[in-house]
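Enquirer: missing the sequence, but the structure's below:
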């Protein structure tokens, strides 16, 4: 069951990355709006997620934690979240 969930999240994230476009955003960490996050390229998304996790008091995230959190935020923003929702509201580790 967990494997199916992971595949679904991965598929949604891949589709989101394929349809996204690149734009410059300032790194506001968890205060970044879903609309800005979705529009950012993968590098900016990683920087934003890293900043959000650091703001929450965590150390530099591992590649696995970074990828998982990025996919969770991406999926949340494209399903439940609105364009003005802050990415910190997405469920993540």
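Expert: In hand now; what should we look at? The shown structure was predicted, so the numbers you read here are calculated from the model rather than taken from an experiment. Numbers count the residues shown, from 1 in each chain.
Enquirer: If we ignore the residues flanking it in sequence, what's nearest residue 34?
Expert: Leaving out its chain neighbours, the residue that sits closest to residue 34 by C-beta to C-beta, 6 or more residues apart in numbering is residue 77, at 3.6 Å. C-beta coordinates here come from the backbone N, C-alpha and C atoms, glycine included.
Enquirer: Now that neighbour: which helix or strand?
Expert: Assigned by DSSP states H and E, residue 77 belongs to helix 63-79.
Enquirer: List the buried residues of that helix.
Expert: 65-66, 68-78 (16 or more other C-beta atoms under 10 Å).
Enquirer: Quick check: mean pLDDT of that helix?
Expert: Average pLDDT, helix 63-79: 93.
Enquirer: between the buried residues of helix 63-79, which is closest to residue 56?
Expert: Nearest to residue 56 among those is residue 69, at 10.4 Å by C-beta to C-beta.
Enquirer: these two touch, right, that closest one and residue 92?
Expert: Yes: the criterion here is C-beta atoms under 8 Å, and residue 69 meets it with residue 92 at 4.6 Å.
Enquirer: Go ahead and report the secondary structure state at the residue nearest to residue 72 when sequence neighbours are not counted.
Expert: Leaving out its chain neighbours, the residue that sits closest to residue 72 by C-beta to C-beta, 6+ apart is residue 92, at 4.9 Å. Counting by DSSP: H, G, I helix; E, B strand; the rest coil, the backbone at residue 92 sits in coil.
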